[in-house]
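Q: would you be able to build a 3D model of this:
(chains A, B and C)
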Amino acid sequence: MPELPEVEVVRRGLERWAAGRPVSAVEVLDVRSTRRHGAGPDDFAARLAGSRLAVPERRGKYLWIPLAGEDSALVAHLGMSGQLLVNDPADPAPRHLRIRLLLEPGEDDADRSRELRFVDQRIFGGLFLDRLVPADDLPGQLLPASVAHIGRDPLDPAFDPEAVHLRLRGRRTGLKRALLDQSLVSGIGNIYADEALWRARLHYARPTDTINRTESARLLAAVHEVMEEALAQGGTSFDSLYVNVNGESGYFDRSLDAYGRAGLPCRRCAAEGRVSLIVRRPFMNRSSSYCPRCQPVPRRARW
DNA sequence: CCAGTAGCCTGCTTGC
DNA sequence: TGCAAGCAGGCTACTG
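A: The predicted structure follows:
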């Protein structure tokens, strides 16, 4: 599934292949994919057609393309299975094509038309239009009103680990629940939460109000590190006409230490000459994977 | 206001 | 073999 690094790869691909282009036609093939556009799919298509795409931006897993000369943006969330692809309009339609935008050549290139496609199997994601508002903490920066409640992600230059630490201390919940709360820090999903906790040697049920500065710094550094590594490994696929977001960057196959490794030896323990098997526990209608030896369950756990 | 949860979705896997 | 249940999970809307 697309995680923050994959969404960033998509953003870069769109910057290269779609930015600057006028939208000449819009077709919504499945209205569920514009669910979050309150005024309905016809309004979505009518307002988008005739606009011109500016340079895409991202916060967490939200991606948006400001419309040139307007105070609004095309907002995208890929959900579990969404993809944004840039194709030749003549290319055959893929199975789960939900929305398509015909893009005319930009002013500076004699290239032919292209088609921006939103493909989504499970329809957890979608596209919608929203107005841009100034960011609370940095009024010169604009973001969609519907994204304003989301915290900055760990790759954001204005990400503030100290502020996150203080907010974490003020919570009365478990560490992983807090990591998955997008209003605190955005962009962390189940996979990255497990990986970061493993790297920081912290258990997911650790009460947030017992976290000290050293631990929160270690944890947030781990999140940053994991995301940068994934971006480095998945960041090569945008050098083509196709903006590839299939989530199979190769990173998931090789570099995961906790997620998906239940029953396998913890690599860190193995390096120390010990054998400890990664365990998987039900958590929030999904699961958590961790090493019981280097991430021991805290005495006062908050699940 | 805060913590916690149901429900949205489809396709693949597992179990009877 | 066929069908149903289980699983994957980000996010919003809702409840307590």
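
Q: wondering if stretch A:38-58 reaches DNA strand B at all.
A: No - residues of stretch A:38-58 are not located near DNA strand B by CB under 7 Å from any atom of the strand, the shortest gap being 13.1 Å. Heads up, the C-betas are built off the backbone N, CA and C, glycines and all.

Q: okay, now that stretch: how far is its last residue from its first?
A: 22 Å (CA to CA, to the nearest Å).

Q: average model confidence for it?
A: Mean pLDDT, stretch A:38-58: 96.

Q: how much distance is there from it to the middle of the chain?
A: Averaging C-alpha positions (CA atoms, centre = their mean, to the nearest Å) puts stretch A:38-58 21 Å from its chain's average.

Q: buried residues, it. List them.
A: A:P41, A:F44, A:A45, A:R47, A:L48, A:S51, A:R52, A:L53, A:A54, A:P56, A:E57, A:R58 (16 or more other CB atoms under 10 Å).

Q: the last one: what secondary structure?
A: The one in question is A:R58. Here A:R58 is recorded as strand under DSSP: H, G, I helix; E, B strand; the rest coil.

Q: could you do A:D194 as well?
A: helix.

Q: burial count for it?
A: 28 (other CB atoms under 10 Å).

Q: which residues sit in contact with it?
A: Taking CB atoms under 8 Å, 6 or more residues apart in numbering, we find A:D194 in contact with A:K176, A:Y204, A:A258, A:Y259, A:S288, A:S289, A:Y290.

Q: and of the residues you listed, the nearest to DNA strand B?
A: Ranked by distance to DNA strand B (CB to the nearest atom of the strand), the contacts of A:D194 are led by A:K176 at 10.2 Å.

Q: isn't that closest one right next to A:P207, touching?
A: No - A:K176 sits out of contact with A:P207 when judged by CB atoms under 8 Å, with a separation of 11.5 Å.

Q: what residues does the stretch 151-300 of chain A have near DNA strand B?
A: A:G170, A:R171, A:R172, A:T173, A:G174, A:R177, A:M284, A:N285.

Q: now that we have the residues you listed, which one has the most neighbours?
A: A:G174 (22 neighbours).

Q: please name the nearest non-neighbouring residue to that residue.
A: A:R302 (4.0 Å; CB to CB, 6 or more residues apart in numbering).

Q: what about that neighbour, neighbour count?
A: A:R302: 19 neighbours (other CB under 10 Å).

Q: give me the number of residues near A:C266?
A: 24.

Q: show me what contacts it?
A: A:D257, A:S276, A:L277, A:I278, A:C291, A:R293, A:C294.

Q: how about A:P296?
A: A:H203.

Q: before we move on, what about A:A54?
A: Counting by CB under 8 Å, 6+ apart, A:A54 has contacts A:A19, A:G20, A:I65, A:P66, A:L67, A:A68.
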